[in-house]
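> just to be clear, the model below is a prediction. Sequence and coordinates:
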Amino acid sequence: MSKAQLDAIDAKILRHLVRNARMPFLEIARECGISGAAIHQRIRKLHDSGVILGSRLIVDPKALGFDVCALIGITVLDPKNLMQTMERLKEIPEIVECHFITGNFNILIKLYCLDNEHLMRTLFEGILRIPGISTTQTFISLDEAFQRQVNVDFIEPTLR
């Protein structure tokens with residue numbers, strides 16, 4: 001994927017949206033010194049170019065009773081089966097993230113479970129039943145220190 005070409009106004013729009021995705025477009029337009037129609041066009045362009053992937057509501061898993069967050073490193077026997085393995089992992093609803101990684105594992109997943117028993121069932125009845133998975137290593141998160149979006153303050157506007 002090629003790097004998006006952003007000007008100073010696009011960068012400013014992104015900074016506002018990352019800080020507050022619910023900020024009204026007209027307020028962003030005022031802050032950027034452009035019209036309401038222009039803000040809609042620019043945000044649509046940022047969506048169309050893949051810079052903005054969408055907006056989402058963030059739910060606190062602990063508030064819903066998901067008291068265990070785990071990260072699991074997975075080694076796949078044959079790297080040719082990575083995509084098939086990922087598709088099978090996608091079927092397990094407890095898994096919220098899946099990354100192809102370098103190092104001792106091929107895949108790193110993040111999942112939320114109600115308790116350790118739920119984690120054990122998910123691991124033994126779900127993940128380890130996927131053909132081709134040779135080893136796993138589970139890391140239980142004691143607490144999430146922070147979570148954030150990419151820092152858009154580092155964006156260097158390009159001249160167009």
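Now that the structure is in, tell me what you want to look at.

> so who does the residue lying closest to R15 once chain neighbours are set aside touch?
With C-beta to C-beta, 6 or more residues apart in numbering as the measure, V152 is the residue that lies nearest to R15, at 5.2 Å, once sequence neighbours are left out. Where you see a C-beta, it was placed from the backbone N, CA and C, and this is true even at glycine. For V152, the residues meeting the contact criterion (C-beta atoms under 8 Å, 6 or more residues apart in numbering) are A11, L14, R15, V18.

> what about these, which are in helices?
In helices, judged by DSSP state H, the following of the contacts of V152 are found: A11, L14, R15, V18.

> show me the contacts for the residue nearest the centre of the chain.
Against the mean C-alpha coordinate of the chain, by C-alpha atoms, centre = their mean, the closest residue is E97 at 6.8 Å. Contact partners of E97, counting by C-beta under 8 Å, 6+ apart, are I109, K110.

> for the helix or strand containing it, buried residues please.
Using DSSP states H and E, the element containing E97 is strand 95-100. Going by neighbour count (16 or more other C-beta atoms under 10 Å), the buried part of strand 95-100 is I95, C98.

> neighbouring strands - and their directions - for it?
Strand 95-100 pairs in its sheet with strand 107-113 (antiparallel), by DSSP bridges.

> and for the partner strand, what's in contact with it?
Residues from elsewhere that reach strand 107-113 (C-beta under 8 Å, 6+ apart): 61, 66-74, 76, 82, 85-86, 89, 92, 94-101, 119, 122, 127.

> which of the residues you listed are buried?
Among the contacts of strand 107-113, those scoring as buried are 61, 66, 68-70, 72-74, 76, 85-86, 89, 92, 94-95, 98, 119, 122, 127 (criterion: 16+ other C-beta under 10 Å).

> from the residues you listed, which land in helices?
Using DSSP H, T85, M86, L89, L119 are the members of these that sit in helices.

> surely the third one meets H99?
Spelled out, it's L89. No. Under the criterion of C-beta atoms under 8 Å, L89 makes no contact with H99, lying 10.8 Å away.
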